[in-house]
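[1] coords please:
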Amino acid sequence: MGKKRTKRRQSHGSAWHWKQTDAWYAILPEAKKRVPLLDESGNRIRGKDNREAAIVALARMKVNWGTEGTEHGSVGSGDWIVARVCSEYLQYCDKGVAKGTLSKGHRDNSASWLNDLCKYCGALPVSQLKKGHITS
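    Numbers count the residues shown, from 1 in each chain. Just a heads-up that it's a prediction; the model follows:
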């Protein structure tokens, strides 16, 4: 039998100290990646005893998650929806056909498949898209 864990891990969205770098981090909910917590002057919060400063920095960051579009994963005004991504990809294909780097058949096949996807879940935010929404 394995050894019982004596300490429970913290939930996502909380501040945590990484001993290797001696700095405080949090995980962004959209991107699911580690982000260092910064004090008001933009310096990383270091030292295990600076937990209170890390919690304040995380609270400041959470307030800004909804207002800072491009810095935390979403582009432009608000979240990207499936239909917008499909539209952007078709524009990319059109440019590729014009340059001669993509075939017209690829663009037409993509358009057919993407139109079906948009009928099914075009208004869904990309962050909520799951593997089950797409079947081959």
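
[2] measure the nearest residue to I55 once chain neighbours are set aside to C93 for me?
    Using Cβ to Cβ, 6 or more residues apart in numbering and skipping residues adjacent in sequence, the residue nearest I55 is A15, 5.4 Å away. Where C-beta positions appear, they are placed from N, C-alpha and C, glycine not excepted. Distance, A15 to C93, using Cβ to Cβ, to the nearest Å: 43 Å.

[3] low-confidence stretches in this protein?
    1-2, 5-13, 29-31, 64-78, 135-136 (pLDDT under 70).

[4] and it, what are its domains?
    16-67, 82-133 (automatic domain parsing).

[5] now the first one: how far from the chain's centre is it?
    When distances are taken as Cα atoms, centre = their mean, to the nearest Å, domain 16-67 is centred 17 Å away from the chain's centroid.

[6] what does stretch 95-102 give?
    30 Å.

[7] any buried residues in it, and which?
    Buried residues in stretch 95-102, defined by neighbour count with 16 or more other Cβ atoms under 10 Å: V97, L102.

[8] can you give me the helices for the chain?
    51-65, 82-99, 104-121 (DSSP state H).

[9] closest to L28 out of the ones you listed?
    Comparing these by their distance to L28 (Cβ to Cβ), the top pick is helix 51-65, with 7.7 Å.

[10] in the closest one, what's buried?
    So, applying 16+ other Cβ under 10 Å, buried residues of helix 51-65: A53, A54, I55, V56, A57, L58, M61.

[11] now do the last one against Y92, distance only.
    Using Cβ to Cβ, M61 is found at 33 Å from Y92.

[12] how about the second one?
    Look at A54 and Y92: by Cβ to Cβ, they are 41 Å apart.

[13] for K33, which of the helices of the chain is the nearest?
    helix 51-65 (13.5 Å).

[14] what packs against the closest one?
    Using 3 or more Cβ pairs under 8 Å, 6 or more residues apart in numbering; DSSP states H and E as the contact test, the elements touching helix 51-65 are strand 23-27.
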